[in-house]
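Q: Need a 3D model of the following:
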Amino acid sequence: MCTGTDGAPVSVAEALRMANAAMDYLNSPAADLDLDPAACGRVLQSLGEVQAKFTAAHASVLARFDAADAHDADGYGNSVAWLMAMTDMTRRDARADRQQMRLLRDHPAMADALAGADISKSWALAIAEWTTKLPAEVRAETITILVQAARSGACHDDLRIIARVAEQNWLASQPGGDDDGFDDRYVQVG
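A: Numbering: from 1, shown residues only. This next block holds a predicted model:
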């Protein structure tokens, strides 16, 4: 083991070894004996922070892997196929990981917030869903605003309202604001 003076890992391999050891402990009977039921809530909060940081790290490594077409070395045409074969993922999960990677690659404010555990994975995915209808430039700005609001302590409902207001403002700024483009269509029942 080659940890730094503060106990932090000094390499990716060491960090992965430590992460695996931590998960092995948390999944062992020893953790059951060590964990008072009253402390489970704080442990769940900490695991949520770990999940956020893990999501950011996984997306970052997958982005580098994908950008370098590293899947080609193993004979796979894309990262989804590689993830399915080499990490035993279902197609659905591999595609979801690719989608998360692209989201975080394209929105560094969200990636930074996840890496710092300032927002949860769940909130990051909700923000992404709420902003999908927005054009790219408005979406990026709205995501940045939502992440800043979350970091400042906004609750889930507040974030949803901010996203909805952003969408309504964008729609109102478009020619024909509330026009859905289907005025020339109708249904007649005889």
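
Q: Please count neighbours and contacts with C-alpha atoms only from this point.
A: OK.

Q: Trp170: neighbour count?
A: Neighbourhood size, Trp170 [other CA atoms under 10 Å]: 15.

Q: what sits against it?
A: Leu134, Val138 (CA atoms under 8 Å, 6 or more residues apart in numbering).

Q: Use 58 as the first number from now on
A: Fine by me, first position is 58 from now on; the one you just mentioned is Trp227.

Q: State the helix or strand in which it lies.
A: Here Trp227 sits within helix 213-230, counting by DSSP states H and E.

Q: Send me that helix as CSV with only the CA atoms.
A: Taking C-alpha atoms only, helix 213-230 is exported to CSV below (Å, rounded to 0.1, in the frame of the first residue of the first chain):
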residue,chain,number,x,y,z
HIS,A,213,-36.3,19.6,-4.9
ASP,A,214,-39.6,21.5,-5.5
ASP,A,215,-37.8,24.8,-5.8
LEU,A,216,-35.5,23.4,-8.4
ARG,A,217,-38.5,22.0,-10.3
ILE,A,218,-40.2,25.3,-10.3
ILE,A,219,-37.1,27.2,-11.5
ALA,A,220,-36.8,24.7,-14.4
ARG,A,221,-40.4,25.1,-15.3
VAL,A,222,-40.1,28.9,-15.2
ALA,A,223,-37.1,28.7,-17.4
GLU,A,224,-39.0,26.5,-19.9
GLN,A,225,-42.0,28.9,-19.9
ASN,A,226,-39.8,31.9,-20.4
TRP,A,227,-38.1,30.3,-23.3
LEU,A,228,-41.4,29.3,-24.9
ALA,A,229,-42.8,32.8,-24.4
SER,A,230,-39.8,34.3,-26.2
